[in-house]
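>>> Provided below are the primary sequence and the corresponding predicted coordinates.
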Amino acid sequence: MRWSLPTRVAFRFSVVYFGLYGFATQVAGGVLLLPGFAVPALGTEWPMREITTWCARHLFGVDSPLLYRGNSGDTLFFWVQTFWLLAVAVLATAVWSWADRQRDSYLSLHKWFRLSVRFGLAAQMFYYGMAKVIPTQFPSPALVTLVERVGNLSLTDVLWISIGASTPYQIFTGCAEVLGGLLLLTPRTTTLGALVCLASLIQVFVLNMTYDFGLKQISFHLMLMSVILLAPDLRRMASVFVLDRAVEASGQPPLFHTARANRLALLAQVVFGLYLAAMFAGISVRQWNSEGGGAPKSPLYGIWDVEELSIDGEVRSPLMNDYDRRWRRVIFDAPQRMAFQRTDDSFSRYGVSIDVDGHTLALTKGSSRDWKAGFSFERQDQNRLILDGTMDGYRIHMRLRRVELDTFRLLNSPFRWIRPSDAPGT
């Protein structure tokens, strides 16, 4: 079977570009996953990192340091990296096409390339899907979020909070992503799996684009990987869904020449795919227990309204205090963090160590090694707390009352078949 020239060129480009992109990003590491070890994204390691830096400086005139750590995969570093990966792939495709111009098809290479794309995409669907099935990607709204002004939130914050506040929706989207990954594990169900993945990824990509989240590039590339898997069947699908015609069976050749070898290959693919799914499930479980809903909470967990605040023995309105002590609320959420909310609704955040037996808490600020503050606390009952201590040379006394969390509508909006009107007065 002779492939057309555009098909041969497109295949060569796909092999080179997605091979480079897979190892430069998290895709290859998602497949080469071992307990306690994963291949790092080589794009942030030598020599790929240095190539990106060189291109940024000499081709785009960027002299400032390029950021590649953190949650965003869309920093300038990654855009420059994608540029030179694309340029290398175009050049390599041109050289390959000239050197191999007599070749009429790549049937054998295509089988193995398709296999690598299947498992690269499946691993990423397991990664993101399991983080939603075990809801850790979008955590429930933090206590600070409950008292923060909506107008101060970024679009990304709004997306994170809205999905995190609806655990059933998050789990549903995760199940769809995991289902797509599972269907990619066998050749016979790959087309259906690629369709499920593409539908899920289109939604993810649109959300990333419209809510300005830093996974635009990776979600776009995963969409392209879905399209690559669908490409051999596009005509058949058009015949079924558009032209209402009968179609022949898929012409995808098996990996090996003997039935026994293909049965063993199928078993290996299923076992390895389930292994990847289990590994990513384990990662999400550990995340849940360390930082998610299963993580321990502060011994003083809650949002506490400041009922009385005295500084150096003088009780006065918070508005009369210096800015850093215009406190209206004290918030304890995670065991090692706390925050004061000022009267203008801004926050002053601190690290905290709470000694439950000694009834004391010690505060730290940012990366400062010298700044410290200490308080003793007396918990009169579940809803009342007294703090006494010193901060910045001031003697501080506070009487606090805990806010009932079920008063927040975001946490108290259950599903209802019959929903009342939102009209005023109802």
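Looks like it came in fine.

>>> next SSE downstream of the longest helix seen in the chain?
Ordering each helix of the chain by length in residues (DSSP state H) puts helix 259-290 first. Downstream of helix 259-290, the next assigned helix or strand under DSSP states H and E is strand 302-311.

>>> what's that following strand in contact with?
143, 146-147, 315-316, 318, 321, 325, 327-332, 385, 394-403, 405 (CB atoms under 8 Å, 6 or more residues apart in numbering). Where you see a C-beta, it was placed from the backbone N, CA and C, and this is true even at glycine.

>>> try it again with 6 Å
The set of residues external to strand 302-311 that reach it, using CB atoms under 6 Å, 6 or more residues apart in numbering, is 143, 318, 327-331, 385, 394, 396-403.

>>> how about stretch 65-83?
Stretch 65-83 is contacted by residues 43, 44, 52, 55, 56, 214, 215, 216, 217, 218 when judged by CB under 6 Å, 6+ apart.

>>> residues in contact with the fourth one?
Pointing back at residue 55 there. 80, 84.

>>> and it, which helix or strand is it part of?
Here residue 55, judged by DSSP H and E, is contained in helix 48-60.

>>> so how far is that helix off the chain centroid?
Its chain's C-alpha centre lies 27 Å from the corresponding centre of helix 48-60 when counted by CA atoms, centre = their mean, to the nearest Å.

>>> elements contacting the longest helix of the chain?
Contact analysis of helix 259-290 by 3 or more CB pairs under 6 Å, 6 or more residues apart in numbering; DSSP states H and E lists helix 107-133 as its packing neighbours.

>>> now do the buried residues in the helix it packs on.
Of the residues in helix 107-133, those with enough neighbours to count as buried (16 or more other CB atoms under 10 Å) are 110, 113-114, 116-133.

>>> could I get the average pLDDT for that helix?
In this model, helix 107-133 carries a mean pLDDT of 98.

>>> and the helix or strand that it is followed by, average pLDDT?
Next along the chain after helix 107-133, taking DSSP H and E as the criterion, comes helix 143-146. Averaging pLDDT along helix 143-146 gives 96.

>>> any stretches of the protein with poor pLDDT?
The model of the chain has pLDDT under 70 over residues 423-426.

>>> how does this protein divide up, domain by domain?
Domain ranges of the chain: 1-100, 106-295, 302-407, per automatic domain parsing.

>>> nearest to residue 416, out of the ones you listed?
Minimum separation from residue 416 across those (CB to CB) falls at domain 106-295, 13.7 Å.

>>> check the offset of the closest one from the chain's centre.
The offset between the C-alpha centroid of domain 106-295 and the centroid of the whole chain comes to 13 Å, using CA atoms, centre = their mean.

>>> and what of stretch 102-110?
Taking CA atoms, centre = their mean, the mean C-alpha location of stretch 102-110 is offset from the chain mean by 37 Å.

>>> contacts for it next, please.
Here stretch 102-110 makes contact (CB under 6 Å, 6+ apart) with 1, 2, 3, 11.

>>> excluding covalently adjacent residues, which one is nearest to the first one?
In this case it means residue 1. Using CB to CB, 6 or more residues apart in numbering and skipping the chain neighbours, the partner closest in space to residue 1 is residue 105 (5.9 Å).

>>> residue 15 and residue 412, how far apart?
54 Å (CB to CB, to the nearest Å).

>>> between those two, which is the more surrounded one?
The residue with more neighbours, out of residue 15 and residue 412 and counting by other CB atoms under 10 Å, is residue 15; that gives 21 against 10.

>>> can you tell me which of the contacts of strand 302-311 are buried?
Neighbour counting by 16+ other CB under 10 Å classes 143, 327-331, 385, 396-400, 402-403 among these as buried.

>>> now these in CSV, with secondary structure and distance to residue 177?
Written out in CSV, the entries for the buried ones among the contacts of strand 302-311 read as follows (DSSP: H, G, I helix; E, B strand; the rest coil; distance: CB to CB, whole Å):
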residue, secondary structure, distance to residue 177
143, helix, 29
327, strand, 43
328, strand, 41
329, strand, 38
330, strand, 39
331, strand, 33
385, strand, 43
396, strand, 49
397, strand, 52
398, strand, 46
399, strand, 49
400, strand, 43
402, strand, 38
403, coil, 36
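
>>> most widely separated two among those residues?
Going by CB to CB, the pair spanning the buried ones among the contacts of strand 302-311 furthest: 143 and 397, at 23.2 Å.

>>> ok, and what's touching the host helix or strand of residue 170?
Counting by DSSP H and E, the element that carries residue 170 is helix 167-183. Counting by CB under 6 Å, 6+ apart, the neighbours of helix 167-183 from elsewhere in the structure are 122, 125-126, 128-129, 132-133, 135, 138, 163, 189, 192-193, 196-197, 200.
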